[in-house]
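In: Okay, here's the prediction I keep looking at, along with the sequence it came from:
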Amino acid sequence: MRKEKNLKPMLSPKSVAIIGASRNPEKVGHIILQNYIDAGYAGKIYPINIDATQIMGIKAYRSVLDVKAPIDLAVIAIPAEAVPEAMEECGKAGVKAVVVVSGGFAEIGKAGLQEQLALTAEKYGMPTLGPNCLGVMNPRSRSDTLFLPTFKISRPEIGGVSFMAQSGAVGSTVLDMISGEGFGLSKFISYGNAAHVDESDILNYFMKDKETKVIVMYLEGIKDGKAFMKIARKVGRAKPVIVLKAGKTRAGSQAAHSHTAALAGDYEVAEAAFRQSGFIIAEDISELLYYAKIFASEAQPRGPRVAIVTDGGGAGVLMTDAVASSGVLKLAEFSPGTISALKKAMPPLVNARNPLDLAGDADGRRYAEALSILSSDQNIDMLIVIVLFQTPGADSALAAKLIEYKGGSTRPMVVVSIGAEYTEMHKRMMERSGLPVYDSPRSAAAALAALYSYSMFRNRKSLSAP
Amino acid sequence: MALLDYMEASKLLGRYGMHSIESRYVGSAADAVRFSDGKPIVLKVLSGKALHKSKAGLVRLNLSGRNEIEAAYRELRRKAQPLKPYKIIAQAMSSNGVEIIIGGRDDPQFGKVVLIGLGGIYVDLFRDFAMGIAPLTRRDASGMLNQLKSRQIITDEGRNSAELESLLLRVSRLLQDNGSIKELDLNPVIITKSGYQIVDIRILK
């Protein structure tokens, strides 16, 4: 039975020691300290450096043992050989959690050094992240161990999506992309070699963390499959988990003696574990974001029936195709009440059927009228609103109408807008107000299908005990 | 990995409430005829050296009458000479129906895994299968059936669902209880009007 590791001091520390803080701007320890200062971190900062007494205007210490005050988090950014001793000192000083950003461990064959790190962490009951990782970021506590300068990678706003990544490179890429989305970030954890804290510990922490509404994970391997499965089963029923796992292609041929073994390779089994836990499986990085966006909206679908409203006939047909091929969603049939109300309110060229084509001259008013008629139709469970901002009537006033409508509606609703700068501008405007915008019919359909499938998974009753 | 003796494997399944098709080793052509007792039978060569029996021509189906059974027995015995040690098993002829595979394996990461798929020996071709990590709950088992494109065929429009779920749960329990089992194939299992028939078993320890 594994012990639960408390990651709260790691993500929301009241005080941080930066071991390897340096005046030399080329050192990782310098960038980390700089970032803590730039982010406006409100807790205590203790730079640790053997030679300096002051760094960037902050009093420095030779060792964490000299600080003589509680330290929640120690960030270690020194050469690998010196890490075990620094860890030992952290343990003695009663540090509550450690992030080892330094590389030079198992990834270059030094498994022994890594083992030593794990043992020290275990000995002092001190949750330790890494080594060889970017560490953590929490926009709320403004704790940020990422040694990437802020001009290279934008930091996302505060939101409800928490993201874990084994790889620092994929981690920072996705983080950069999240900063361009409207939904914002709750916590980011890059866990590298997972010597002590692994994906199961992080999943467990995200499950219990109240600020985390949606969990996104990028995995390469799984350290302890059985522990993972145990926690995955619980977390999948509690919160939506979106997962991207690398390594689909099987390297080399395995000698399998049965059909089952030939079919059930590493990726397939991991995928089965995800499915069984109700996780949403993404096939690439862009899908991670599509799914995160819809789940971050916290919309609850009542059923799979979709109404499509559009200002372009062609886009409406493409959207209908995407809905049909999702295998999950259905095109809603408008009620007789809706049809007669639409006929009365809409200009004659608008056909009162789904997909509802409002025509190329549709403006905010026409959209608002149509949506208000659809809102009382019990045959509709979800809404897809296509706005092609290239058309004459589509402008900021229309975007504002959609935001206003979304505010008063409980049904899941997404916007599909395809285009360049003018579209992008409105996309940001709508997303900042919590209205998810997709850049293709296919991604919008996939997102709503995942939302509905997950709600089905969650509501499915177990028939009986095994 | 070693192949568990067929009759042992069949007994093991029986202890978990899974009944495989009536089978017995036969030591001679006459013995095979006695097993038949006037009904059509199947003869198979079992050998650790030939894991894919039908591809190797080591299975003869739907044999009836003394002459046909004796001729088939002698032919199989001749083909089996290079595969020593071997045994020849006689089985009742199975009913017609949709062929599926039920499987299990010991995954290095997740432990015991249960599989169900369409196709019997053609499962590699269709690749319509679903897996679950043991121990399975009934909810997991029903989720697995739902993942299959062929679920309507396999479950006979849902009429067989409960029975197939139970079968998956039994396999899950068997794998959990018997740690040394590395791989298991019940292949094919034939879906019949009255339930299912396990026609071939392969358990590797």
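Out: That came through fine.

In: now the closest residue to chain A within chain B, nearest residue through space, not along the chain?
Out: Residue nearest to chain A within chain B (CB to the nearest CB): B:Gly103, separated by 2.8 Å. C-beta coordinates here come from the backbone N, C-alpha and C atoms, glycine included. Once flanking residues are discounted, B:Gly103 sits nearest to A:Thr260: 2.8 Å by CB to CB, 6 or more residues apart in numbering or on different chains.

In: next one: A:Gly160
Out: That would be A:Lys213: by CB to CB, 6+ apart, it lies 3.4 Å from A:Gly160.

In: what about B:Asp177, how many residues close to it?
Out: Using other CB atoms under 10 Å in any protein chain shown, B:Asp177 is surrounded by 12 other residues.

In: OK, contacts around it?
Out: Neighbouring residues of B:Asp177 by CB atoms under 8 Å, 6 or more residues apart in numbering or on different chains: there are none.

In: for B:Met1, helix, strand, or coil?
Out: Under the three-state scheme (DSSP: H, G, I helix; E, B strand; the rest coil), B:Met1 adopts coil.

In: State the distance from it to A:Glu81.
Out: From B:Met1 over to A:Glu81 the distance is 43 Å, taken as CB to CB, to the nearest Å.

In: Same check on A:Asn354?
Out: In terms of CB to CB, A:Asn354 sits 67 Å off from A:Glu81.

In: which of the two has more neighbours?
Out: A:Asn354 (24 against 11).

In: Using PDB, write down the CA coordinates of stretch B:25-45.
Out: This file holds the C-alpha atoms of stretch B:25-45, laid out as PDB (Å, rounded to 0.1, in the frame of the first residue of the first chain):
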ATOM      1  CA  TYR B  25      -7.900 -37.700 -25.500                       C
ATOM      2  CA  VAL B  26      -8.100 -40.600 -27.800                       C
ATOM      3  CA  GLY B  27      -5.300 -43.200 -28.100                       C
ATOM      4  CA  SER B  28      -6.400 -44.900 -31.300                       C
ATOM      5  CA  ALA B  29      -8.700 -44.700 -34.300                       C
ATOM      6  CA  ALA B  30     -11.100 -47.100 -32.600                       C
ATOM      7  CA  ASP B  31     -11.100 -45.000 -29.500                       C
ATOM      8  CA  ALA B  32     -12.100 -41.900 -31.600                       C
ATOM      9  CA  VAL B  33     -15.000 -43.900 -33.100                       C
ATOM     10  CA  ARG B  34     -16.100 -44.900 -29.600                       C
ATOM     11  CA  PHE B  35     -16.000 -41.200 -28.500                       C
ATOM     12  CA  SER B  36     -18.100 -40.300 -31.500                       C
ATOM     13  CA  ASP B  37     -20.900 -42.700 -30.600                       C
ATOM     14  CA  GLY B  38     -22.700 -41.900 -33.800                       C
ATOM     15  CA  LYS B  39     -22.400 -38.100 -33.500                       C
ATOM     16  CA  PRO B  40     -20.200 -35.900 -35.600                       C
ATOM     17  CA  ILE B  41     -16.800 -35.000 -34.000                       C
ATOM     18  CA  VAL B  42     -13.700 -33.000 -34.300                       C
ATOM     19  CA  LEU B  43     -10.100 -34.300 -34.100                       C
ATOM     20  CA  LYS B  44      -7.200 -32.100 -33.200                       C
ATOM     21  CA  VAL B  45      -3.500 -32.600 -32.600                       C
END
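
In: What residues of that stretch count as buried?
Out: Residues B:26, B:29, B:31-33, B:35-36, B:41-45 are the ones in stretch B:25-45 that count as buried (16 or more other CB atoms under 10 Å in any protein chain shown).

In: Residue 131: what's it in contact with?
Out: I'll assume chain A. Contacts of A:Pro131 by CB under 8 Å, 6+ apart are A:80, A:83, A:100-105, A:114, A:117, A:192-193, A:195.

In: could you do chain B instead?
Out: A:264, A:268-269, A:272, B:113-115, B:144.

In: Now secondary structure too, for those, in a markdown table please.
Out: Listed next are those as a markdown table, based on three-state DSSP:
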| residue | secondary structure |
| --- | --- |
| A:Ala264 | coil |
| A:Glu268 | helix |
| A:Val269 | helix |
| A:Ala272 | helix |
| B:Val113 | strand |
| B:Val114 | strand |
| B:Leu115 | strand |
| B:Met144 | helix |
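
In: thinking again about what came up before, so in that sheet, which strands flank the strand or helix carrying the residue of chain B closest to chain A, and in what orientation?
Out: Per DSSP states H and E, B:Gly103 falls inside strand B:98-107. Counting by DSSP bridges, the strands paired with strand B:98-107 are strand B:111-118 (antiparallel), strand B:183-192 (antiparallel).

In: most packed of those strands?
Out: Looking across the strands paired with strand B:98-107 with neighbours counted as mean count of other CB atoms under 10 Å in any protein chain shown, the highest average goes to strand B:111-118: a mean of 26.

In: Please identify the buried residues of the next helix or strand after it?
Out: As assigned by DSSP H and E, the chain's next helix or strand after strand B:111-118 is helix B:123-126. For helix B:123-126, the neighbour count (16+ other CB under 10 Å) marks B:Val123 as buried.

In: and if you look at stretch B:65-84?
Out: B:68-70, B:72-73, B:76, B:80.

In: What sits closest to A:Ala324 if chain neighbours are left out?
Out: A:Leu331 (7.0 Å).

In: Quick check: bridge partners of that neighbour?
Out: Under DSSP bridges, the beta-bridge partners of A:Leu331 are A:Val306.

In: List the contacts of the closest residue to A:Lys226 other than its chain neighbours.
Out: Counting by CB to CB, 6+ apart, A:Lys226 lies nearest to B:Gly111, which is 5.6 Å off, once chain neighbours are set aside. The contact partners of B:Gly111, by CB under 8 Å, 6+ apart, come to A:225-226, B:133-134.

In: By neighbours, which of those residues wins?
Out: Sorting the contacts of B:Gly111 by how many neighbours each has (other CB under 10 Å) puts B:Ile133 first, at 27 neighbours.

In: is it in a bridge, and if so with what?
Out: B:Val113.

In: Let me see the contact set for it.
Out: Listed by CB under 8 Å, 6+ apart, the contact set of B:Ile133 reads A:229, A:269, A:272-273, A:276, B:107, B:110-114.

In: hey, where'd the helices end up in chain B?
Out: B:6-15, B:29-36, B:66-80, B:123-126, B:138-147, B:151-154, B:161-177 (DSSP state H).

In: Which residues outside the second one are in contact with it?
Out: So that's helix B:29-36. With CB under 8 Å, 6+ apart as the criterion, helix B:29-36 contacts B:24, B:26, B:41, B:43, B:63-64, B:66, B:69-70, B:73-74, B:88, B:90.

In: switch to 6 Å and redo it
Out: Residues outside helix B:29-36 that contact it (CB atoms under 6 Å, 6 or more residues apart in numbering or on different chains): B:24, B:26, B:66, B:69-70, B:73, B:90.
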